[in-house]
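In: Need the 3D shape of this:
(2 chains)
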Amino acid sequence: MIDKTVKSLADAVAGIRDGATVMIGGFGGAGQPAELVDALIEQGAKDLTIVNNNAGNGETGLAALLKAGRVRRIVCSFPRQADSHVFDALYRAGKIELELVPQGNLAERIRAAGAGIGAFFTPTGYGTELARGKETRRIDGRDHVLEHPIRADVALIKALRGDRWGNLVYRKAARNFNPIMATAAATTVAQVDEIVELGALDPEHIVTPGIHVTRVVRV
Amino acid sequence: MAYEKLSRDAMAARVARDIPEGAYVNLGIGLPTLVGNHLPPGREIFLHSENGILGMGPAPPKGQEDWDLINAGKQPVTLLTGGAFFHHADSFGIMRGGHLDICVLGAFQVSAGGDLANWSTGEPGAIPAVGGAMDLAIGAKATYIMMEHVTKGGEPKIVERCTYPLTGIGCVKRIYTDLAVIDVTPQGLRAIEWVPGLPFETLQSLTAAPLSRAA
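Out: This next block holds a predicted model:
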């Protein structure tokens, strides 16, 4: 019998290695798997590359992971926020590397990784600092920039409900990056509010089919 | 003759007047968000939020915030009846695929050719953040800018060439300021209206690129 549910947060984040690339779902606090991030801090992996839209808020979740000194590099679109002081201090001290990516490129590069796309051309960012050094091509009279997929060793995501096959549904705008990150990582760990019986999720409404999910943990 | 600048709310109401029934619209963070408060009642307009919402409604009453339902500025919002949620790649596909009719963005500078600079002042030591600005700028069918006509220090924000780092090239269609509404045309900038009492020559002197006057 296939059962992707695990009993503890420690089991959920077991095996994440030093130097790993870890995607963390969420847009600000909405959809951020805060308990999994806390478990990752506890687990101790360091020298991480983190992929997230932001660079942590306040002192909890991703900000706490940064503060613990576990992150070497962050790939994100919007690090600077009113309460991003943990990241700000590390960045100014030269203790963290930043790859700044337009948000749509971040989403599409993650999607591309999950969909087996080698690279894609997009007009976003053409002629700007964020496209410097990248290959460009004029297609149908419009200038495009070549962008490559972003893959991860692990994705930590948050959903509302999951079942033992790993099927997931989300809640409102907490969905955001979670479904695409689930497709782009070798190991995807989902924290859910509720684990339901197989068959309880309407197959017409499942957003992430279980093929993309490795472990499910209830928090 | 004396003239008065438009207030932030008056600017928002001016932009809102030009958004037609049935339009799919994204309002950028900051000043453009105010446009949502001035949409004419009775007009059905679909607001898109980059974090995966179509049919976004106004802020909830105090005490009824749902932190899974926030806008691009991470403030709590509501969902209109008939609204929908979708993931981030679909949400940015809506922008990048040219499906939005209008986006309204703030700006540091706009050039005579419609180049936009709104994500970074390029100051050394500043922490850069781009968010969805570059996707919105190039993706919507019409990109409108809403900003003060000059900086706090009185420098024109409409310029011959942007000196701040660019967000997009040739992407701006119309500029709404606290003094005027200006179209970006292949023939250059064309002022289509300006506040009462403001001489056209004064408007030109506050604009660092040539303006023509709508007939």
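In: Where do the strands of chain B begin and end?
Out: Ranges of strands within chain B are B:24-27, B:46-49, B:53-57, B:78-85, B:102-105, B:109-111, B:116-117, B:142-146, B:158-159, B:172-176, B:180-185, B:188-194, B:211-213, based on DSSP state E.
In: now the ones you listed as a markdown table including distance to B:D18 and mean neighbour count?
Out: Where you see a C-beta, it was placed from the backbone N, CA and C, and this is true even at glycine. Below are those laid out as a markdown table (distance: least, C-beta to C-beta, whole Å; neighbours: other C-beta atoms under 10 Å in any protein chain shown):
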| stretch | distance to B:D18 | mean neighbour count |
| --- | --- | --- |
| strand B:24-27 | 11 | 26 |
| strand B:46-49 | 15 | 23 |
| strand B:53-57 | 19 | 21 |
| strand B:78-85 | 21 | 15 |
| strand B:102-105 | 8 | 27 |
| strand B:109-111 | 17 | 25 |
| strand B:116-117 | 18 | 27 |
| strand B:142-146 | 8 | 24 |
| strand B:158-159 | 19 | 22 |
| strand B:172-176 | 8 | 22 |
| strand B:180-185 | 9 | 20 |
| strand B:188-194 | 11 | 16 |
| strand B:211-213 | 19 | 15 |
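In: Export these as JSON lines, with columns for distance to A:V86 and mean pLDDT.
Out: Shown next, in JSON lines, are the strands of chain B (distance: least, C-beta to C-beta, whole Å; pLDDT from 0 to 100):
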{"stretch": "strand B:24-27", "distance to A:V86": "29", "mean pLDDT": "98"}
{"stretch": "strand B:46-49", "distance to A:V86": "26", "mean pLDDT": "98"}
{"stretch": "strand B:53-57", "distance to A:V86": "28", "mean pLDDT": "97"}
{"stretch": "strand B:78-85", "distance to A:V86": "29", "mean pLDDT": "97"}
{"stretch": "strand B:102-105", "distance to A:V86": "29", "mean pLDDT": "98"}
{"stretch": "strand B:109-111", "distance to A:V86": "31", "mean pLDDT": "98"}
{"stretch": "strand B:116-117", "distance to A:V86": "29", "mean pLDDT": "98"}
{"stretch": "strand B:142-146", "distance to A:V86": "32", "mean pLDDT": "98"}
{"stretch": "strand B:158-159", "distance to A:V86": "36", "mean pLDDT": "98"}
{"stretch": "strand B:172-176", "distance to A:V86": "36", "mean pLDDT": "98"}
{"stretch": "strand B:180-185", "distance to A:V86": "41", "mean pLDDT": "98"}
{"stretch": "strand B:188-194", "distance to A:V86": "43", "mean pLDDT": "97"}
{"stretch": "strand B:211-213", "distance to A:V86": "46", "mean pLDDT": "96"}
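In: CSV please, covering those and showing distance to B:K5.
Out: CSV is the format used below for the strands of chain B (distance: least, C-beta to C-beta, whole Å):
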stretch, distance to B:K5
strand B:24-27, 21
strand B:46-49, 27
strand B:53-57, 29
strand B:78-85, 32
strand B:102-105, 19
strand B:109-111, 18
strand B:116-117, 22
strand B:142-146, 14
strand B:158-159, 15
strand B:172-176, 12
strand B:180-185, 10
strand B:188-194, 11
strand B:211-213, 17
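In: Stretch B:84-103: how far from the chain's middle?
Out: 17 Å (C-alpha atoms, centre = their mean, to the nearest Å).
In: Now it: buried residues?
Out: Across stretch B:84-103, burial judged by 16 or more other C-beta atoms under 10 Å in any protein chain shown covers B:85-96, B:100-103.
In: so which of these are also by chain A?
Out: Restricting the buried residues of stretch B:84-103 to those near chain A by C-beta under 8 Å from any C-beta of the partner chain leaves B:85-89, B:91-93, B:95-96.
In: do you know which of the strands of chain B lies nearest A:L90?
Out: The minimum distance between A:L90 and those falls on strand B:116-117, with 27.2 Å, by C-beta to C-beta.
In: and chain B, which of its residues are near chain A?
Out: B:49-53, B:66-70, B:74, B:79, B:85-89, B:91-93, B:95-96, B:120, B:125, B:127-135, B:138-139, B:165-169.
In: hang on, the earlier thing: could you work out the most separated pair of the buried residues of stretch B:84-103?
Out: Maximum pairwise distance in those, criterion C-beta to C-beta, is 23.1 Å, between B:H87 and B:I102.
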